[in-house]
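> sequence and predicted structure below; questions after.
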Amino acid sequence: MTVQQTTLKIHTNSPAETQALATALGRRLQIGDFIALCGPLGAGKTCFVQGLGTGLEVAGRITSPTFIIMRHHSGPVPLCHADAYRISTTQELEEAGLTEMAEQSVLALEWAEKVSEIWPDELWIVSIEYDKSGRSIELIGRGRRPAAIIGELKDAYSGD
């Protein structure tokens with residue numbers, strides 16, 4: 001069986017544009033959704049999660065959870081913002097409560113490429129690269145609902 005997948009590639013010229021794209025995605029998410037954020041240090045993963053938080057209408061300032069592994073932000077649709085940068089094994093994420101948080105919120109996991117073995121079948125993969133001209137963002141919706149949502153975003157951004 002082939003997994004449905006849709007991709008949107010977009011270039012953003014500022015943190016505000018990156019956050020606006022993420023906000024549009026965030027407005028479409030629901031509890032249990034998994035966002036895998038991939039890209040080098042400084043690419044804009046936390047910036048993207050800040051936009052997700054705006055779309056989800058969560059409380060509090062969103063900052064990188066690198067040193068604490070995971071932060072929870074409450075809201076109509078809660079957000080769990082986790083970071084695998086300092087993780088050696090997936091067991092460390094499990095011990096930190098990742099599974100429970102993922103079941104109760106939208107999970108946005110930075111450095112997700114380090115733990116791809118825990119990715120669910122349906123998810124959004126956000127790959128971000130950064131250079132002098134801005135950010136190149138590739139959004140991949142893998143699975144029926146994620147692919148449909150990326151399709152909606154493609155329609156919304158087709159004029160850009």
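It's in.

> just the helices in this structure please.
Under the criterion DSSP state H, the chain contains helices at 15-26, 45-56, 90-95, 98-104, 144-157.

> how far out from the middle of the chain is the helix or strand bottoming out on mean pLDDT in the chain?
In the chain, no helix or strand scores lower on mean pLDDT, DSSP states H and E than helix 90-95, which sits at a mean of 78. Put simply, helix 90-95 sits 19 Å off its chain's centre (C-alpha atoms, centre = their mean, to the nearest Å).

> then stretch 112-121?
12 Å.

> mean confidence for it?
When pLDDT is averaged over stretch 112-121, the result is 91.

> got any ranges where the protein has weak pLDDT?
Applying pLDDT under 70 to the chain flags the ranges 1, 159-160.

> so for it, which residue is the most central one in space?
Ile35 (3.6 Å; C-alpha atoms, centre = their mean).

> doesn't Pro120 make contact with that residue?
No - the pair Ile35 and Pro120 does not pass the contact test of C-beta atoms under 8 Å, sitting 11.0 Å apart. For the C-beta atoms, the positions are set from N, CA and C on the backbone; glycine is no exception.

> chain neighbours aside, what residue packs nearest to Ala143?
Not quite, residue 143 is Gly, not Ala. Leaving out its chain neighbours, the residue that sits closest to Gly143 by C-beta to C-beta, 6 or more residues apart in numbering is Glu122, at 2.8 Å.

> would you agree Arg144 is in contact with Gln4?
Yes - between Arg144 and Gln4 there is a contact under C-beta under 8 Å: 5.2 Å.

> looking at these two, which one has more neighbours?
Neighbours were counted for Arg144 and for Gln4 using other C-beta atoms under 10 Å; Gln4 has more, 15 against 12.

> quick one, what contacts the more buried one?
By C-beta atoms under 8 Å, 6 or more residues apart in numbering, Gln4 lies in contact with Arg142, Gly143, Arg144, Ala147.
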